[in-house]
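> output the structure for:
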Amino acid sequence: MTCDEARELLGAHVDHELDLRSDLAVQAHLRDCEACRSQVASLQALHEAAQAHLARHPIPAAVARRLRRSVQPAPARYAPWLTAAAGVLAGVLVAVVVMRPGLDRTERDVIAAHARSLLVDHVIDVASSDSHTVKPWFHGKVSFGVPAASFPEAGFPLVGGRLDYIDGHEVAAVVYQRRKHVVNLFVWPTRATAPPSESNEQGYALLHWAEGGLAYWLVTDAQAEDLRELQRLIATAPR
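Got it, this is the predicted structure:
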């Protein structure tokens with residue numbers, strides 16, 4: 001990737017809006033290009049200043065309904081482009097409605113990744129209720145072992161997994177279902193340890209803890225008590 005090609009994508013890279021392949025290509029270029037890294041630093045500073053100081057206003061319900069009606073199915077040769085455009089638009093709406101000034105960056109990225117996976121219909125890369133299928137799928141894609149136990153008897157069947165990005169680095173996303181709700185479990189390496197900690201932001205329940213060299217973030221629009229139950233199951237499941 002050349003500098004000219006990379007610079008067209010740096011804004012989307014900072015906002016975590018690139019697809020996985022494009023983002024990996026940008027990251028590879030940034031490792032060897034000091035000029036582009038400097039530009040990313042400037043964009044990141046602008047991004048954080050905007051998050052901290054710009055006012056956020058909920059979109060009126062009538063406007064949201066008009067937007068949804070305006071994105072209608074199109075003839076087959078145009079449908080993929082409109083689908084992608086609808087996903088981008090939805091991601092922008094999530095950023096406007098959900099994110100508030102002062103929100104922790106990791107927490108903000110977890111919410112955005114969860115919402116984005118639902119809006120652009122990219123909940124899973126590997127679809128399976130079998131942990132012996134999902135866990136090996138991550139081998140070679142991430143540098144750590146991914147816990148992916150299934151708990152159907154407790155009402156948390158495993159749905160599958162995918163790769164995602166949180167706070168600028170690659171993470172594993174293990175996907176569960178709770179009744180009609182999707183629960184994303186984001187996992188990545190850490191040296192820290194932390195007891196379970198809950199938060200709630202714009203209707204999303206989150207639960208975070210860290211142990212055994214891994215950071216865990218659960219997020220859903222189901223009830224907070226559902227996350228507490230799933231956290232206990234994950235923490236006590238055999239590796």
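> can you map out the strands along this structure?
Counting by DSSP state E, the segments of the chain that form strands are 126-127, 158-166, 169-178, 181-189, 194-201, 204-211, 214-220.
> residues in contact with residue 215?
Contacts for residue 215 (C-beta atoms under 8 Å, 6 or more residues apart in numbering) come out as 187-190, 192, 194, 208-209. From N, CA and C alone the C-beta is placed, and that goes for glycine too.
> whoops, I mixed them up, residue 158
128-131, 134, 148-152, 174-176.
> what of residue 159?
123-124, 127, 129, 175-177, 182.
> can you rerun that using 10 Å?
123-124, 126-129, 134, 150, 174-177, 182-184 (C-beta atoms under 10 Å, 6 or more residues apart in numbering).
> I figured residue 232 hits residue 196, correct?
Yes. At 8.8 Å, residue 232 counts as touching residue 196 under the criterion of C-beta atoms under 10 Å.
> who has more neighbours out of those two?
residue 196 (16 against 12; other C-beta atoms under 10 Å).
> look up how far residue 109 lies from that one.
19 Å (C-beta to C-beta, to the nearest Å).
> could you do residue 138 as well?
Counting by C-beta to C-beta, the gap from residue 138 to residue 109 is 20 Å.
> just give me the neighbour total for residue 132.
Residue 132: 9 neighbours (other C-beta under 10 Å).
> mind listing what it touches?
148, 150.
> do the same with residue 205
Here residue 205 is in contact with 181, 183, 198-199, 218-228 (C-beta under 10 Å, 6+ apart).
> widest-spaced pair of those residues?
In these, two members sit farther apart than any others by C-beta to C-beta. They are 181 and 199, at 17.4 Å.
> more crowded one of the two?
residue 199 (16 against 13).
> run through the bridge partners of the residue lying closest to that one once chain neighbours are set aside.
Nearest non-adjacent residue to residue 199, counting by C-beta to C-beta, 6 or more residues apart in numbering: residue 206, 4.8 Å away. Per DSSP bridges, the residues bridged to residue 206 are residue 199, residue 219.
> residue 206 against residue 185, yeah?
No. At 11.2 Å, residue 206 and residue 185 do not qualify as touching, with contact defined as C-beta under 10 Å.
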